[in-house]
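Colleague: got a predicted structure plus its sequence, pasted below:
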Amino acid sequence: MKLTHVIFSWLSFWALLSAHNLAADTQGINAHGLRSGWLKSNGQYTAALEIHLAPGWKTYWRAPGDTGFPPQFDFSGSRNAQELEIIWPAPILFGPQDMWSIGYSGHVVLPLLVQPSDPQSLVELNIKASLGICDDI
């Protein structure tokens, strides 16, 4: 299995979004970014991490199976984010039957639910993500 370890860092403001790829020459990732969302009536903010994988490439779910690498997210640099939850879409199974992995291929969107400490103030998300990607198992 050829496994590549990718590290991303995203910084987001409600009004301004920017994405920084710390592994700029990573094969297997066509594009990635942080997408703005909306403010819900309960004061919770919805955003999303978006990843476009190259054809044939895969990344892993929170429980990656026998051969995968679980994604790791660090939100510790965020401001005014009292609680943050990742909503995991339904994954797929891939690989040979004796070495199943669980994850995603193609286009992946991971919704984020953010509960601000102060709903009247700007939320700043500083997200560091460490993902495993592969093209062959």
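Modeller: Cool, the structure landed.

Colleague: distance of Pro89 from Ser78?
Modeller: If you measure Pro89 against Ser78 using CB to CB, to the nearest Å, the figure is 22 Å. In short, each C-beta sits where N, CA and C put it, glycine included.

Colleague: look at the two and report which has more neighbours.
Modeller: Ser78 (17 against 11; other CB atoms under 10 Å).

Colleague: can I assume the more buried one is in contact with Leu122?
Modeller: No: applying CB atoms under 8 Å, one finds Ser78 not in contact with Leu122, separated by 11.4 Å.

Colleague: adjacent strands (with direction) for the helix or strand hosting Leu112?
Modeller: Leu112 is part of strand 107-115 when elements are defined by DSSP states H and E. On the basis of DSSP bridges, the sheet neighbours of strand 107-115 come out as strand 45-53 (antiparallel), strand 83-86 (antiparallel).

Colleague: give the buried residues for that strand.
Modeller: By neighbour count, and taking 16 or more other CB atoms under 10 Å as the criterion, the buried residues in strand 107-115 are Val108, Leu110, Pro111, Leu112, Val114, Gln115.

Colleague: I'd like the average pLDDT over that strand.
Modeller: Strand 107-115 comes out with an average pLDDT of 93.

Colleague: could you check how far the most far-flung residue of the chain relative to its centre is from Glu85?
Modeller: Using CA atoms, centre = their mean, the residue of the chain lying farthest from its centre is Asp98. It sits 27.3 Å away. For Asp98, the distance to Glu85 equals 34 Å [CB to CB].

Colleague: returning to that earlier point: next secondary structure after the strand holding Leu112?
Modeller: Once strand 107-115 ends, the next helix or strand along the chain (criterion: DSSP H and E) is strand 124-136.

Colleague: returning to that earlier point: weakest of the strands paired with strand 107-115 by average pLDDT?
Modeller: Taking the mean pLDDT of each of the strands paired with strand 107-115, the lowest value is held by strand 45-53, a mean of 90.

Colleague: can you list contacts of the next helix or strand after that strand?
Modeller: Later in the chain than strand 45-53, the nearest helix or strand by DSSP H and E is strand 58-65. Contacts of strand 58-65 from elsewhere in the structure, counted by CB atoms under 8 Å, 6 or more residues apart in numbering, are 51, 53, 68-71, 86, 88, 91, 93-95, 99-105, 108, 131-135.
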